[in-house]
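Chemist: Test case, fold it:
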Amino acid sequence: MAKAAAGTGSSGVRWGISQQGLALVLLLLLGQLAIGAGLLWLLGQAEAAADRMERARKVSATADSLMLTVYYTGDGLGRLAKALQGQGESSSQSSHRQAIEQVHFLKDEMPDNQAAIALLNSIERNINVCLPVMDKIESLQNSLEDERSLQEWRDRRAQIQPNVKELVRDVSALLHLCRNLDSSSPLEAQVNRETTLKVLYLTLALNVLAILAAFALFTWRITRRMSTMRDNFERFREHRALLPPVGGSDELAYLDEVFRDAARKLDRERRLNKSSEERMRLLVESLPTGIVVLDDKSRIEFVNEQVERDFSQKAHHMVGKPLRDFVSGESAAKTVGTFGKLYQGQARDGQFPLDGREIALVSGGQRKSMFVLQNLSERFALEREREQFVSMVRQQLREPLKGISDFLAKLSVGRLGVISPKAYKSCRQMEMNIDRLLTLLNDLFDLDKLETGKVDVEPCLTPLNLILERTFNALSMFAEKYKVKLEVPPSQLSVYADANRIVQVLVNLASNAVKFSEKGGVVTIATRLGNDCVEIAVIDRGRGIPKEKLDLIFEPYKQVEEGDAKAKGGTGLGLAICKAIIEGHNGAIGVESEEGKGSLFWIRLPLREGQGV
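Modeler: Next up, the predicted model:
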């Protein structure tokens, strides 16, 4: 069932918290990647601007250098002769080559600037015009003192003078153009830098706001639902209605669904338990037996109506007080049949007997106890009435029967005159029936006393031989009547017992053995010392007892065969009385028998006071 629930939960969670967190992380990562890409683009723009600035600087510097070269070319011709009088390569030739290189460099740096290209083409053309002249002039460097050479030099100078002027004009225009380009580059760089910073700050701010918003939304969605679930836990504990479901398809939603399902089941069970408790309370309240529930400190927590009636107290006067304020005086009493513990209850109008039993309970993790109390006042009153009635019946029956028995005895022995043999036989039959009836009455009264615990057993240390002699004297004539030999070997042992009651037991056991023995048979009463006890055995060699009857013969009104009561006499109560007497001595009684081979009834009695067998 747990596995099924787990499987259901896994399939029910379509967009779990971990997946939501992963999506949030991926979203933030994409944002960071976008910011990084933007920053890389801005960095590229800045580098491009720096390159443009560097190129503008180089272009401007090259234009300045070109201006100087042209200046020296055009206006320095007058000083050229003097300059050429030195050794080595001519500086003018070097300047010519440098100018051409500078023009080509500027063309390469400004291929898209049409105005600059036009100026550079014009400058290159004029330089190419002027270069041959300059070379010719330089070739005349050794003959400038000659009038003819000087005139030629002047003619060639005049020849290139327009080109030089145009060259100077173009170079000046180019220089102005390059300087404008150079001046715009720092401004553009400043604008780009400010734009980059603004974009960077804005991006960072938006990124922080996005992170905070996503985190707040994520945590708010979770904490709000967890707060709802926590409130539901409190409401469930306080037995209040639950808040609406938290919604969603993640683990929290599944947990809320499981909790609600469990809460519904528990609430249903709680209602059923409450209904059961109400029915149980009504049942307990209506019981005719008192019920008292105690806490772990033996203070009263609950009493039913029967306790209120028995103690003449209201429940609120008893709850919270120790039980000993109302019940005391425990004793093990066999006269109270249900639980075997007799207490004294303290009511407003006096004390009354209670039959009580304590039952251990565990409720809510606490150890408690419950007392079941039964008021014995009416039972004791009925017992007294029954005893009085039994005593009256016994007296009213015994005296007339005893009188009739005495009269028949006198009549049968001829004290009242001679009677015929037939009358004598009838008298003896009537006398035997009356004796059997008296025996039945005595057995009934004895059994009643034993079952109600009214027969007093007064044990003391007694020589066992004394008990055996009294038993032999009581049975000798009876054994002679049945022509059975009674053997009672003497004993030197002592026993802790009520001699009268043990004689009664032995007479009962031995008389049964005599009655069911064949003529000429032997009945033996043997003794021996056992383990902390004295064992007495009554042994006969009669018909024995069937195996299936061995467990029944000590029960009241049970006999080995149905015809024994009529054929041998007896009531079926003798062995039950024997068992009650022996158990009253804390002893034991039993039988061993094999059908057709006789029986052995044994009893075990303690050797000293306080000892059990």
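
Chemist: any low-confidence regions in the stretch 201-350 of the chain?
Modeler: Along the stretch 201-350 of the chain, the model assigns pLDDT under 70 to residues 277, 330-340.

Chemist: ok, 50 please
Modeler: Where the stretch 201-350 of the chain drops to pLDDT under 50, the residues are 332-338.

Chemist: Do you have the strands of it handy? List them.
Modeler: 290-294, 300-303, 327-332, 341-347, 350-363 (DSSP state E, counting those that start in this stretch).

Chemist: how about these, which one is nearest residue 601?
Modeler: Ranking the strands of the stretch 201-350 of the chain by proximity to residue 601 (C-beta to C-beta) places strand 327-332 first, at 29.0 Å. Heads up, the C-betas are built off the backbone N, CA and C, glycines and all.

Chemist: What is the burial count for residue 583?
Modeler: Residue 583 has 15 neighbours, counted by other C-beta atoms under 10 Å.

Chemist: do the one 5 residues further on as well
Modeler: Burial of residue 588 is recorded as 16 neighbouring residues (other C-beta under 10 Å).

Chemist: Ramachandran coordinates for it?
Modeler: Dihedral pair for residue 588: phi -140, psi 150, per degrees, to the nearest 10.

Chemist: ok, so what distance separates it from residue 40?
Modeler: Counting by C-beta to C-beta, to the nearest Å, the gap from residue 588 to residue 40 is 107 Å.

Chemist: Please name the residues that touch residue 361.
Modeler: 293, 367-370 (C-beta atoms under 8 Å, 6 or more residues apart in numbering).

Chemist: Redo those residues as TSV? Include distance to residue 210, neighbour count and secondary structure.
Modeler: Formatted as TSV, these follow (distance: C-beta to C-beta, whole Å; neighbours: other C-beta atoms under 10 Å; DSSP: H, G, I helix; E, B strand; the rest coil):
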residue	distance to residue 210	neighbour count	secondary structure
293	65	18	strand
367	61	11	strand
368	62	18	strand
369	67	16	strand
370	68	17	strand
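
Chemist: want to throw those into TSV with distance to residue 592?
Modeler: As requested, the contacts of residue 361 are exported to TSV (distance: C-beta to C-beta, whole Å):
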residue	distance to residue 592
293	50
367	48
368	49
369	45
370	45
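
Chemist: Low-confidence ranges, this structure, go.
Modeler: Across the chain, residues meeting the criterion (pLDDT under 50) sit at 1-13, 76-91, 332-338, 563, 565-567.

Chemist: how's it carved up into domains?
Modeler: Using automatic domain parsing, the domains assigned to the chain come out as 37-185, 287-375, 382-451, 460-606.

Chemist: And the last one, how far out from the chain middle?
Modeler: Just to be clear, that refers to domain 460-606. The gap between where domain 460-606 is centred and where its chain is centred comes out at 63 Å by C-alpha atoms, centre = their mean, to the nearest Å.

Chemist: quick one on the thing from earlier: residue 465 is nearest to which of the strands of the stretch 201-350 of the chain?
Modeler: Minimum separation from residue 465 across the strands of the stretch 201-350 of the chain (C-beta to C-beta) falls at strand 327-332, 33.9 Å.

Chemist: re earlier: is it possible to get JSON lines of the strands of the stretch 201-350 of the chain that adds distance to residue 170?
Modeler: Formatted as JSON lines, the strands of the stretch 201-350 of the chain follow (distance: least, C-beta to C-beta, whole Å):
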{"stretch": "strand 290-294", "distance to residue 170": "122"}
{"stretch": "strand 300-303", "distance to residue 170": "120"}
{"stretch": "strand 327-332", "distance to residue 170": "134"}
{"stretch": "strand 341-347", "distance to residue 170": "137"}
{"stretch": "strand 350-363", "distance to residue 170": "115"}
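
Chemist: among the ones you listed, which is nearest residue 507?
Modeler: Residue 507 lies closest, by C-beta to C-beta, to one member of those: strand 327-332, at 30.4 Å.

Chemist: deepest of the domains of the chain, which one?
Modeler: The highest mean neighbour count among those, using mean count of other C-beta atoms under 10 Å, belongs to domain 460-606: a mean of 18.

Chemist: List phi and psi for residue 238.
Modeler: Per-residue torsions, residue 238: phi -90, psi 10 (degrees, to the nearest 10).

Chemist: Check residue 242 too.
Modeler: Main-chain torsions, residue 242, degrees, to the nearest 10: phi -80, psi 150.

Chemist: Distance-wise, check it relative to residue 535.
Modeler: According to C-beta to C-beta, residue 242 stands 76 Å off from residue 535.

Chemist: Nearest to residue 468 among the strands of the stretch 201-350 of the chain would be which one?
Modeler: Ranking these by proximity to residue 468 (C-beta to C-beta) places strand 327-332 first, at 32.9 Å.

Chemist: Just the strands from this protein, written as ranges.
Modeler: Assigned by DSSP state E, the strands in the chain fall at 290-294, 300-303, 327-332, 341-347, 350-363, 366-375, 460-463, 485-487, 494-497, 522-529, 533-540, 588-594, 598-606.
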